[in-house]
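> model this:
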Amino acid sequence: MKAIRAITFVILMLLALELSLMGQTSEGRISGTVTDSSGAVVSGAKVTIANTATNVSRTVVTTSAGDYTVPNLDPGTYTISAESKGFKKSVSTPVLLEVSREVRVDMKLQPGMVTETMVVTAEGELVDTTNTTLNGVLSNKAISELPVQGRDFQNLLELHPGVQRTPGGGFHTVTSNGNRPDDNNFFIDGADDNDAYYGETVVNDAGVQGTPASFLPLDAIQEFNTQESPSADYGVKPGVVMNIGIKSGTNDIHGTAYYFHRNAAFDARNYFDPAPAPVSALLMHEFGASLGGPIKKDKWFYFVNYEGIRDKVGNPGLTDSPVKTSLIGRVDPNVITPEDYSTQDAVYGPNGCMSDSSCSQLSLSLLPLFLTNPGLTLSQSDPAAINFDFKNKNRGDNLVAKTDYTLTQHHILSARFIYANSDQIEEDTTPLRPDWLSTTSPTTQVFGVSLASTFGSAWSNEVRFSYNRFNEAIFPVDHNVNPSKYGLTTGVTDPRLFGFPRISPGGEFNYMGGNSSWPLYTTPSKTNSFSDTATYTRGKHSIRFGGSFRYGDVDYYRAGYGRGRVDFRHLPDFVDGNVRRWRYLYGDPGRNVSQKSFGFFAQDEFRIRSNVTLNLGVRYDITNPIKDAHNQLANYDPNSPSGIVQVGQGISSPYPTNYNNFSPRVGVAWNVFGNGKTVVRSGFGMIFEQPSIRTFMFNGGGLNLNPSGVPYVDGS
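So this is what the prediction gives:
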């Protein structure tokens, strides 16, 4: 019955609306009221909004309440003119419209001839007086001039209240007001920028460690806007909503060229890089150029930006690796047992394995893999401690292209494409050799196209399609080396699991082999989304309504300890071949998982008085359960005798669909003195969260690893 009611509701909405993602937009809007010299409203007045950089203009007519609203405007500088029979034409000075913001400009007409023009100073109100959303905008000047670590735009998010980022960056490091890292909503020019698997931004998504897999050039960003406690236009995630506005071309040709350099000569030593060792390596090059201008003046514009990154960064720190020389006579045997730390003593010492012929030939063959460590280099209490200082090496190339075409005065087409590829070698654990660092070569693609249309003074519409694709595989540098070349017979035959297994030669040391959490393949994770938002202005009401559809899927493979794991208690156990414990991966953890969602919303800004605006909205969202292409997901069913039940073997999905996701939004904004300087806001809202696919599939657990006991048969 619940499903029938929900489907009926959706059908009614589809009949009422155009089938459409979340009403999101990077565009702003300009609104206001036209009055005469006595303060009486002027209905039917002609209002023209003109972009000073492109000369593209929009014209509307005021409502019976004297109000006008012009939505779907690109960020930029605008002039507003108002005219009506019996009054002089009034033209404002330029007004700045920021990303995803509303500027209110009230116009006053003086009696006279329409042929007469009066220029008035009309600055947008510094305080938002019409809605209860907590907005924050970082201007182009701030983005360009503030020093930003790594020129990563995510490091600017902390300038907004409630938003934090873990120092160093990496996977899932941005949080908002205590929400989870994948609860944030990212958009580029209004196009969906959320990764289907990770649930975070696609551009500048994480690489191996803290370095992003791609970089959205700061020179390509016009500005960005953050929203918290948003209107019904936004749903799915309760964290911060971030809208990035990409620069557009204008009637004039503008360009930039830049180069940033940083090296160790300007850096002080950190705590883990003490003298007399050489200062850890640091060499960073970041360079690029941008160009924007007209293809056809007043009509068709372009903007492009390229940015390249080359860097080499050291990793000073403490690594515990077996000592290659004897410690006998160098340490107190009552405090430190030499054969527990030294391979020389563990093999050839008085208590070594050679003394009783207990040596494992396989273990002895692996000893040359340990790098030279003379012992006692960093600590007298920890002979194995040494600073190997392996270096991260990264290359990245990033491209942004955007075009805007004015089809007619009522239709503007815009498209943008972002592409990036990189190569990374980074230290994300504590490896004993440089070939056990981690590496990846990800590619990033984000495409979006939108059509903004106006139909008379009351109606406007914006339809969007977006596609993003993030392809990343993370594994150790030696991932293409068959373990047999190390002299090991691990039983691993899958090339995806090649490389040295995780072997712990003793509890006193870091383990041999690369990061045992890898390999991780999201090759690719991609999302298609379609949305439509309509705006209708009538009297004191400005109503927005629309809907969305989103489809995301990921070709996922993660095999923690997939190369195998062998642990020894101490170094003498290692050279003897006395294993403490081991792990081996059975089965194939690879899955092809998808998820569908759609939603609808309606939002009304009702000016009940000239200084009081009521915000009323409602959303309805449906998020389908994740689905594997071969039904290789399972979950616990308390009503089943077997406990764990596989999809298709008694259940149709791993968990039920929630059809009751109605989200009300209520707010009021009171312009206390009517001058736009003091505003009191209050609001309430509910958001039903759409979990990312990663919520259900992760390293060491998840619905993909639940053993149901049902053998897989490939139907193809």
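> Report pLDDT for the most centrally placed residue in the chain.
Closest to where the C-alpha atoms of the chain average out (C-alpha atoms, centre = their mean) is T201, at 1.4 Å. pLDDT recorded at T201 is 92.
> do V713 as well
So, for V713, pLDDT stands at 49.
> before we move on, the earlier item: pretty sure the residue nearest to the centre of the chain is touching D193, no?
Yes: between T201 and D193 there is a contact at 5.4 Å, judged by C-beta atoms under 8 Å. To be clear about C-beta, it is placed using only N, CA and C from the backbone, and glycine gets the same treatment.
> for V99, what are its contacts?
Going by C-beta atoms under 8 Å, 6 or more residues apart in numbering, V99 touches S26, G28, P75, V137, Q222, E223, F224, N225, N243, I244, G245.
> Just give me the least confident of these.
S26 (61).
> show me where pLDDT drops low in the protein?
Within the chain, the stretches with pLDDT under 70 are 1-26, 114-117, 120-127, 709-716.
> coming back round to it: give the residues shared as contacts by T201 and D193.
F186.
> on that earlier part again, give the contact list for the residue nearest to the centre of the chain.
Contacts of T201 (C-beta under 8 Å, 6+ apart): Q154, N184, F186, D193, N194, D195, M242.
> Adding secondary structure, neighbour count and distance to S321, write the residues you listed out as a markdown table.
Below are the contacts of T201 laid out as a markdown table (DSSP: H, G, I helix; E, B strand; the rest coil; neighbours: other C-beta atoms under 10 Å; distance: C-beta to C-beta, whole Å):
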| residue | secondary structure | neighbour count | distance to S321 |
| --- | --- | --- | --- |
| Q154 | helix | 24 | 35 |
| N184 | coil | 24 | 40 |
| F186 | strand | 28 | 41 |
| D193 | coil | 28 | 42 |
| N194 | strand | 25 | 41 |
| D195 | coil | 30 | 37 |
| M242 | strand | 26 | 43 |
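> Name the nearest of those relative to T403.
D193 (18.8 Å; C-beta to C-beta).
> can I assume I221 is in contact with Q154?
No: if you go by C-beta under 8 Å, I221 and Q154 don't touch, sitting 11.9 Å apart.
> What distance do you get for S90 to S84?
Remark: distance between S90 and S84 (C-beta to C-beta, to the nearest Å) = 9 Å.
> Those two - which one has more neighbours?
S90 (23 against 20; other C-beta atoms under 10 Å).
> tell me the SS of F272?
Per DSSP: H, G, I helix; E, B strand; the rest coil, the secondary structure class of F272 is coil.
> That one contacts L318, correct?
Yes: F272 lies in contact with L318 (C-beta under 8 Å); the separation is 6.9 Å.
> anything in contact with each of these two?
Taking C-beta under 8 Å, 6+ apart as the criterion, F272 and L318 both touch N387.
> Assumed S363 was part of a helix.
Yes: the assignment for S363 is a helix, going by three-state DSSP.
> residues in contact with it?
Applying C-beta under 8 Å, 6+ apart, the residues contacting S363 are F574, V575, D576, G577.
> Counting neighbours, which of these comes out on top?
Neighbour counts for the contacts of S363 peak at F574, which has 29 neighbours (criterion: other C-beta under 10 Å).
> and that residue, what does it touch?
Contacts of F574 (C-beta under 8 Å, 6+ apart): A346, S363, P505, G506, F568.
> Distance-wise, check it relative to Y511.
Look at F574 and Y511: by C-beta to C-beta, they are 11 Å apart.
> Repeat that for A264.
For A264 relative to Y511 (C-beta to C-beta), the value is 30 Å.
> Looking at these two, which one has more neighbours?
Y511 (22 against 17).
> List the contacts of that one.
Counting by C-beta under 8 Å, 6+ apart, Y511 touches L432, R502, I503, S504, P505.
> Show me what R538 is bridged to.
R538 forms beta bridges with H541, as assigned by DSSP bridges.
> Help me confirm that it comes into contact with T63.
Yes: if you go by C-beta under 8 Å, R538 and T63 touch, sitting 6.2 Å apart.
> With neighbour numbers in mind, choose between these two.
With other C-beta under 10 Å as the criterion, R538 and T63 differ in neighbour count, and T63 comes out ahead with 23 against 13.
> ok, and the closest non-adjacent residue to that one?
Distance criterion C-beta to C-beta, 6 or more residues apart in numbering; nearest residue to T63, sequence neighbours excluded, is G539 at 5.3 Å.
> list the contacts for that neighbour?
So, once contact is read as C-beta under 8 Å, 6+ apart, G539 ends up touching T63, S64, A65, D67.
> Closest one of those residues to G162?
Distances from G162 to the contacts of G539, taken by C-beta to C-beta, are shortest for D67, at 32.4 Å.
> Could you tell me how many residues sit around that closest one?
Going by other C-beta under 10 Å, the residues that sit close to D67 add up to 22.
> Just the element for the nearest residue in space to it that is not next to it in sequence, please.
Using C-beta to C-beta, 6+ apart and skipping residues adjacent in sequence, the residue nearest D67 is T33, 5.3 Å away. Secondary structure assignment for T33, by DSSP states H and E: strand 28-36.
> residue boundaries of the helices in the protein?
Along the chain, the segments classed as helices by DSSP state H run 2-16, 140-145, 338-341, 343-348, 361-366, 571-576.
> Who's the closest spatial neighbour of Y486, skipping the chain neighbours?
F500 (5.8 Å).
> now the residue nearest to the centre of the chain, which residues is it bridged with?
N194.
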